[in-house]
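Visitor: Kindly return the folded structure for what I paste below:
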Amino acid sequence: MASWREVFVQMPTKHASPAPKPTLLPTRSLREQVYNFLRGEMNSGAIQPGSFLDLNALASRLGISRTPLRDALLQLEVEGFMEVLPQRGFRLKPLGLEEIRNIYQIVGALESSALAAAGPRLGEHGLATMKAANDGMRQAIEVEDYETFFTHNLAFHGVFLDASHNLRMIALVQSLKQRLYDWPRRKVFLKSWEERSIAEHARLLELLEDGKFEEAAAYHRDVHWSFDVQESFVQIYYLTDRAE
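Guide: A predicted model of the protein is given here:
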């Protein structure tokens with residue numbers, strides 16, 4: 001049987017009427033566009049944690065009604081970025097130490113589970129991809145390129161998360177990491193912490209290369225994503241005005 005593309009090519013066109021122009025549908029809904037705008041404002045620091053949002057001013061600025069704006073804000077509330085206070089409205093929720101502790105515990109448990117399941121599937125290619133991402137992190141530190149460091153860091157973890165084939169878990173981990181990293185996203189290094197992360201990644205790779213998948217998962221949970229182990233860095237990075 002001919003494919004749809006082959007059928008289309010074989011159709012006679014001599015007496016055919018001009019085909020109507022297709023209606024272009026927006027690739028993103030208005031709510032999604034507003035959501036992405038708000039996330040951009042948050043990441044850049046244009047909206048600061050603890051500040052209340054003036055919905056009327058925002059809607060006027062964007063040239064939209066309050067409905068898609070409220071829909072986007074409610075999505076951000078579900079994700080933990082916003083909170084609604086009676087008689088006061090939407091406030092960008094500050095990221096406190098207790099919430100960071102909870103996120104570390106959840107992400108550590110989920111990612112270690114993914115690592116244990118995905119470890120045997122990684123193979124040489126997966127491990128090489130992780131190593132390249134870790135090397136990219138190291139190079140980014142040398143030139144103080146935080147965005148590239150951030151991208152490679154996510155890529156390192158993304159290799160075994162993708163190999164877990166658990167889309168629901170991946171979505172939850174991504175949402176929690178956005179809460180940690182995009183608040184607003186810091187543009188400076190806490191170099192001692194970043195260097196430690198690279199060393200921890202290297203240790204993780206050693207365990208995976210040796211086929212010690214359960215041990216790698218435990219190390220990932222109990223060291224790399226342990227709040228108690230990382231707390232001194234967390235305190236500096238999130239609760240002070242300056243990193244190193």
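
Visitor: Mind giving me the packing neighbours of the biggest helix by length in the chain?
Guide: Longest helix of the chain, by residue count under DSSP state H: helix 97-142. Taking 3 or more CB pairs under 8 Å, 6 or more residues apart in numbering; DSSP states H and E as contact, the helices and strands that helix 97-142 lies on are helix 146-163, helix 167-181, helix 191-209, helix 213-219, helix 227-239. Every residue, glycine included, has its C-beta placed from N, CA and C.

Visitor: what's the closest non-adjacent residue to R39?
Guide: Once flanking residues are discounted, R39 sits nearest to D182: 6.9 Å by CB to CB, 6 or more residues apart in numbering.

Visitor: so which of the helices and strands packed on helix 97-142 gets nearest R61?
Guide: helix 167-181 (23.7 Å; CB to CB).

Visitor: which residues are contacting that closest one?
Guide: 79-81, 95, 99-100, 103, 106-107, 110-111, 113-114, 150, 154, 161-162, 164 (CB atoms under 8 Å, 6 or more residues apart in numbering).

Visitor: Quick check: can you list the domain ranges of this protein?
Guide: 30-92, 97-239 (automatic domain parsing).

Visitor: okay, the ones you listed, which one's buried deepest?
Guide: Per residue and on average, the most neighbours among the domains of the chain fall to domain 97-239, with a mean of 17 (mean count of other CB atoms under 10 Å).

Visitor: Need the pLDDT of L24.
Guide: Per-residue confidence (pLDDT) for L24: 37.

Visitor: typo on my end, L30
Guide: Reported pLDDT for L30: 89.

Visitor: List the contacts of it.
Guide: 64, 68.

Visitor: how much space is there between Y238 and D222?
Guide: Look at Y238 and D222: by CB to CB, to the nearest Å, they are 21 Å apart.

Visitor: can you tell which of the helices and strands packed on helix 97-142 is closest to R91?
Guide: helix 167-181 (15.3 Å).

Visitor: picking that back up, by mean pLDDT, show me the worst of the domains of the chain.
Guide: Across the domains of the chain, the lowest-scoring stretch is domain 30-92, with a mean of 90.

Visitor: start to end distance for that one?
Guide: 21 Å (CA to CA, to the nearest Å).

Visitor: which element follows the helix or strand containing L38 toward the C-terminus?
Guide: Element membership for L38 (DSSP states H and E) is helix 30-44. Sequence-wise, the next helix or strand downstream of helix 30-44 (DSSP H and E) is helix 55-62.

Visitor: quick one: secondary structure of P94?
Guide: Secondary structure state of P94, per DSSP: H, G, I helix; E, B strand; the rest coil, is coil.
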